[in-house]
Every structure is written in structure tokens, then in C-alpha cells.
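In: no FASTA, just this:
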């Protein structure tokens, strides 16, 4: 689906979402009796660097500083993180951290945060925007990955063939919507053939967890079997040490 098609399906009553600087999105989507939804995002499949991360974080802070606590929908078609010498020297990780914190702050202030991936997002682009939301949903055409297998092979010094074999049985080694769903990172996979407005309304009726429950969801889906138990052991050990 194109961005225009997605916005029309999400908000049949209309919207004011527009492109702003560095391919960011901002505006409001109108719903019937349920109140408006604040919309931010990255469009056109561009990498996320310090410039658009800072602008996007500014959009989120403006929503927090505004009236009420409307839900925030983050639309993402972002490619990868911007791997330039300039961005790295200026502290790209800090800009990503700032963007992540604004979305966490929004949730703490009562805004329901939902990330919708309709294109690719890899590496820091995925972590700073999509995975920072309380709920992460995808449409067909979404391509989530933290690191592709060839890059993982270079970092881990494992053979690519070995990683490919491991990816067939262990979702944490593989990119793609299905694997991220099994690990709990993707909350829901939306149906592009059905009106998106109804699917968004259903998500917004669910309580938003400020804490991170992806390890528990991944365990329930049989895609991430050890993270939840290890986290529980860490909490228990910390409690005994107090």
C-alpha cells in the first residue's frame, strides 16, 4: 500500500498529515467519536540520520506539550540508519536515544503509542522508532530487521550458511515480519484487504503497557524461549540483594 492509501484507509474522515523536513510526517487523523490521532513518521524509504531523527523527536515533543493525550501513530518507511561519517561523528546513537526517549515519555504522559511499519526499517531505524512504541504493527510490505544475515556473519565471524540454517529454526536469527512476530517484537500483522481504521481502533482499545512485555509474548509464541525466565531471575536476584 502507498502512504496515501494507508492514510485514507486509516482516516476515512480525513487527515492533516503532511510531509515536513527530512522526509518526516506530522499531522492529525480524524476519527468519529473516538477523538483524533496524532500522526508522525518517516516516509519514502529514506535512512534515518541525525536530521530526521531530531525533527521526528520534535514532532513527538510538540504533541506531548499540546492539549490532551491523543494516541500517537508512528508511520515508518525508513530503510536503514544513515551510515555517514558526519552522522556518526555527531553522535547518531545519541539522536536515536533522544527519539526513543520522547516516545517513552509520551507513553508515560498517557499517550497511547502505536508504530505501523509499511516499508523497510533496519538497524537503528527500527530500534529508535518502531520498537520504541508500546505496540508495533505491520502491513504486508513491511520489512523489519535489526541486522541482515550477511552483516551478522561479518560481526559474529560465523559462516553465512550456518546462520541461514539457524534462522530456519530460531526466529531471533532471521529478519522478516513472521520472525519478528514470533519473538514478540511485532504485536500484530494487519490485513491490508480490510479497513485499517477498524484495526487501529481495535489496537487503541487495548491497554498500553509502559513496561516491556516482548519477552513474555515471544515465549507464548514459541519464538523467544529464554528471555522471559532470565529477566525474572535478574529481577528476583536484584530484589534479594536489596
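Out: Arrived safely. Note that the structure is predicted; figures quoted are calculated from it, not measured.
In: partners of the helix or strand containing residue 40, with directions?
Out: Per DSSP states H and E, residue 40 falls inside strand 37-42. If you go by DSSP bridges, strand 37-42 pairs up with strand 24-29 (antiparallel), strand 72-76 (parallel).
In: can you redo those strands as CSV with distance to residue 193 and mean pLDDT?
Out: (Glycine included, C-beta is placed from N, CA and C.) Shown next, in CSV, are those (distance: least, Cβ to Cβ, whole Å; pLDDT from 0 to 100):
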stretch, distance to residue 193, mean pLDDT
strand 24-29, 20, 96
strand 72-76, 19, 97
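In: residue ranges of the strands in this structure, please?
Out: In the chain, strands defined by DSSP state E lie at 18-19, 24-29, 37-42, 72-76, 113-117, 120-122, 135-138, 143-145, 188-189, listed in chain order.
In: Parallel or antiparallel, list what pairs with the fifth one.
Out: Read it as strand 113-117. Strand 113-117 has these strand partners (DSSP bridges): strand 72-76 (parallel), strand 135-138 (parallel).
In: and the nearest residue to residue 220 once chain neighbours are set aside, how many neighbours does it have?
Out: Distance criterion Cβ to Cβ, 6 or more residues apart in numbering; nearest residue to residue 220, sequence neighbours excluded, is residue 184 at 7.8 Å. Neighbour count for residue 184, taken as other Cβ atoms under 10 Å: 23.
In: For residue 184, grab phi and psi.
Out: Main-chain dihedrals, residue 184, degrees, to the nearest 10: phi 90, psi 0.
In: give the contact list for it.
Out: By Cβ atoms under 8 Å, 6 or more residues apart in numbering, the contact list for residue 184 reads 213, 214, 215, 216, 217, 218, 219, 220, 221, 223, 224.
In: now with 6 Å?
Out: Counting by Cβ atoms under 6 Å, 6 or more residues apart in numbering, residue 184 makes contact with 214, 217, 218, 224.
In: any idea how far residue 39 is from the first one?
Out: Read that as residue 214. According to Cβ to Cβ, to the nearest Å, residue 214 and residue 39 sit 24 Å apart.
In: So these two - more neighbours on which side?
Out: Of the pair residue 214 and residue 39, residue 39 is the one with more neighbours under other Cβ under 10 Å, namely 26 against 20.
In: looking at the protein, which helix or strand is least sure?
Out: The weakest-scoring helix or strand in the chain, judged by mean pLDDT, DSSP states H and E, is helix 124-125 (a mean of 84).
In: List the contacts of that one.
Out: Helix 124-125 is contacted from outside by 48, 78, 80, 81, 96, using Cβ under 6 Å, 6+ apart.
In: Show me the beta-bridge partners of the first one.
Out: In this structure, residue 48 bridges to residue 81 when assessed by DSSP bridges.
In: Number of residues surrounding it?
Out: A count of neighbours around residue 48, defined by other Cβ under 10 Å, yields 32.
In: ok, it - contacts?
Out: Contact analysis of residue 48 by Cβ under 6 Å, 6+ apart lists 78, 81, 125.
In: Tell me the spacing between residue 195 and residue 114.
Out: According to Cβ to Cβ, residue 195 and residue 114 sit 16 Å apart.
In: rewinding a little: mind giving me a markdown table with the contacts of helix 124-125 and columns for distance to residue 135 and pLDDT?
Out: Output for the contacts of helix 124-125, formatted as a markdown table (distance: Cβ to Cβ, whole Å; pLDDT from 0 to 100):
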| residue | distance to residue 135 | pLDDT |
| --- | --- | --- |
| 48 | 20 | 92 |
| 78 | 18 | 90 |
| 80 | 23 | 83 |
| 81 | 22 | 86 |
| 96 | 20 | 94 |
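In: follow-up on the earlier one: out of the contacts of residue 184, who's the most crowded?
Out: Going by other Cβ under 10 Å, residue 218 tops these with 23 neighbours.
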